[in-house]
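Asks: sequence plus the predicted model coming up.
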Amino acid sequence: MTKIQEVFGFGWEEYCSSHEPSEVQWQAAQSIMDCKSGKLGYSISVCKECGHIEIHNNSCRNRNCPNCQAVLNELWVDKRRSEVIDGPYFHVVFTVPAQLNPIIYANQREMYSAIHRCAAETLLELSSNPKFLGATPGIIQVLHTWGQELNYHPHIHCIISGTGLSADGKLKTCGKHFFLPARALAKKFRGKLLAATDSLYQSGKLSLYGSCGKLRNRYEWDEFRDSLYHKEWSPDIRDTFNGFGNAIDYLGRYTHCIAISNARIINVTEDSVTFTAKDYRNGSAKKEITLSNKEFIRRFMMHVLPYGFQKIRYYGFLCNRSKKKNLELIFRLQGHQRYKSMLKGLSMDEVLMRLWKHDVTICPVCGCRGMQHAGRVYPLRN
């Protein structure tokens, strides 16, 4: 049993006694508790030489489970590697004022999509300006909703290429420094997101309850919206990548990670859980946070996304409908494709061997390469 499973085992019933988890939250919790426990069935392997039998409990593969993301992340990174072009890459993080958080949480599908869209439009419109790049870059965006202490902190991580396609089909590349001014990024993103939020309000598509209930009054809403226009919105522009290859490896840290990993949980008791967090106000020094199991679960559940919501999205020359054609053109113009997939076409056994040098065909008893998959047993459905 992993540490996060211990937390849910001790605290889930108490959490449910005072909270009403949504269907997707309930499914996430059940998946985490059942992962590799045998409740989801198991796979059987048999050695053809000595007859040794191995039984492996099935994983849940839920995107909120910290036990199931390693292989998925590596496969994603490998697939993206073949889409990396020769040129600089940059990392930008778009955040929103904390005053918007209650509205975003109450309207997750609409507001998360709006944040994605407005961040992409901001980057694309400024990049198309001849003063900056004068071309369309490739953008990969990942939505995160958490801070280090599991607090609610929605933000978008963006990897943007410093090379783009111009309208006449030519390549343009910026220098080694990020090519878009932070002030222009902040102003345009603020205007776009507040306009999108106001549009949802005006069309009656925003749910406003609890602390947001007073905003149903149009006068209160106008005053609230205008106050956000006067706040400073500051995008975080991270260091430039030293090479185009490590851009995707770097982004891999963000794509399939969840609110907290098992590695950060250092102690679990029947009543509480202690985990580490970076203290950004103190030079990112590590500190320990102790919460009741119920409070830990409450915070964790805030980061379960709506069913089917795509937290990773692609824009610019990487947009899905024209990505293949755009990349073919770019590789032809650059004269080469720098990286290719290492894992494409491999079986899962071969993937494990390639990534972690773990040969699942070796029998732990006789030592020969005789272990073969013999079948799966699935749980009975009620």
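Replies: Yep, it's here.

Asks: what segments of the stretch 1-150 of the chain are strands?
Replies: 42-47, 53-57, 89-95, 138-146 (DSSP state E, counting those that start in this stretch).

Asks: what's the closest non-adjacent residue to residue 95?
Replies: In space, and not counting its chain neighbours, residue 95 is closest to residue 155: 4.4 Å by CB to CB, 6 or more residues apart in numbering. Any C-beta I mention is one placed from the backbone N, CA and C, and that applies to glycine too.

Asks: residues in contact with the one you found?
Replies: For residue 155, the contacting residues are 93-96, 143-145, by CB atoms under 8 Å, 6 or more residues apart in numbering.

Asks: and it, what element?
Replies: Here residue 155 sits within strand 152-161, counting by DSSP states H and E.

Asks: just how off-centre is the helix or strand just after that strand within its chain?
Replies: The helix or strand immediately downstream of strand 152-161 is strand 163-165, counting by DSSP H and E. From the chain centre to the centre of strand 163-165 is a distance of 25 Å (CA atoms, centre = their mean, to the nearest Å).

Asks: repeat that for stretch 319-330.
Replies: Centre-to-centre, stretch 319-330 and its host chain are 23 Å apart (CA atoms, centre = their mean).

Asks: mind listing what's buried in that stretch?
Replies: Within stretch 319-330, the residues scored as buried using 16 or more other CB atoms under 10 Å are 319, 326-327, 329-330.

Asks: also stretch 155-167?
Replies: Buried residues in stretch 155-167, defined by neighbour count with 16+ other CB under 10 Å: 155-165.

Asks: what's the answer for stretch 5-15, then?
Replies: Here stretch 5-15 shows 5-8, 10-12, 15 as buried, counting by 16+ other CB under 10 Å.

Asks: if I've got this straight, residue 315 is in a helix?
Replies: No. Applying DSSP: H, G, I helix; E, B strand; the rest coil, one finds residue 315 to be strand, outside a helix.

Asks: isn't it up against residue 124?
Replies: Yes. Between residue 315 and residue 124 there is a contact under CB atoms under 8 Å: 6.4 Å.

Asks: what's the overlap in contacts for these two?
Replies: Joint contacts of residue 315 and residue 124 (CB under 8 Å, 6+ apart) are residue 139.

Asks: between those two, point out the one with more neighbours.
Replies: For the pair residue 315 and residue 124, the greater number of neighbours falls to residue 315 (22 against 17), based on other CB atoms under 10 Å.

Asks: circling back to that earlier point, and the buried residues of stretch 155-167 as TSV, adding distance to residue 19 and pLDDT?
Replies: Output for these, formatted as TSV (distance: CB to CB, whole Å; pLDDT from 0 to 100):
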residue	distance to residue 19	pLDDT
155	25	96
156	28	95
157	29	93
158	33	92
159	36	91
160	39	93
161	43	92
162	46	92
163	48	94
164	46	96
165	49	97
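
Asks: about what we covered before: between the strands of the stretch 1-150 of the chain, which one is closest to residue 75.
Replies: Smallest distance to residue 75 across the strands of the stretch 1-150 of the chain (CB to CB): 15.4 Å, for strand 138-146.

Asks: pull the contacting residues for the spatially closest residue to residue 360 that is not a sequence neighbour.
Replies: Sequence neighbours aside, residue 349 is the residue nearest to residue 360 in space, at 5.2 Å (criterion: CB to CB, 6+ apart). Counting by CB under 8 Å, 6+ apart, residue 349 makes contact with 359-361.

Asks: out of the residues you listed, which comes closest to residue 109?
Replies: Each of the contacts of residue 349 was checked against residue 109 using CB to CB; the closest is residue 360, at 39.4 Å.

Asks: hmm, residue 347 and the closest one touching each other?
Replies: No. Contact criterion CB under 8 Å: residue 360 and residue 347 do not qualify, at 10.1 Å.

Asks: settle it for me: which of the two has more neighbours?
Replies: residue 360 (16 against 9).

Asks: look up how far residue 55 lies from that one.
Replies: 13 Å (CB to CB, to the nearest Å).

Asks: where does the residue most central in space within the chain fall, phi/psi-wise?
Replies: By CA atoms, centre = their mean, the mean C-alpha position of the chain lies nearest to residue 255, the distance being 3.9 Å. Per-residue torsions, residue 255: phi -70, psi -50 (degrees, to the nearest 10).

Asks: let the chain start at 13 from now.
Replies: Okay, using 13 as the starting number, the last item reads as residue 267.

Asks: where along the stretch 163-312 of the chain do the strands fall?
Replies: 164-173, 175-177, 183-185, 248-249, 277-280, 284-291, 297-304.

Asks: for these, give me JSON lines that also has distance to residue 60.
Replies: As requested, the strands of the stretch 163-312 of the chain are exported to JSON lines (distance: least, CB to CB, whole Å):
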{"stretch": "strand 164-173", "distance to residue 60": "46"}
{"stretch": "strand 175-177", "distance to residue 60": "52"}
{"stretch": "strand 183-185", "distance to residue 60": "54"}
{"stretch": "strand 248-249", "distance to residue 60": "55"}
{"stretch": "strand 277-280", "distance to residue 60": "40"}
{"stretch": "strand 284-291", "distance to residue 60": "44"}
{"stretch": "strand 297-304", "distance to residue 60": "49"}
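
Asks: thanks again, I'm all set now.
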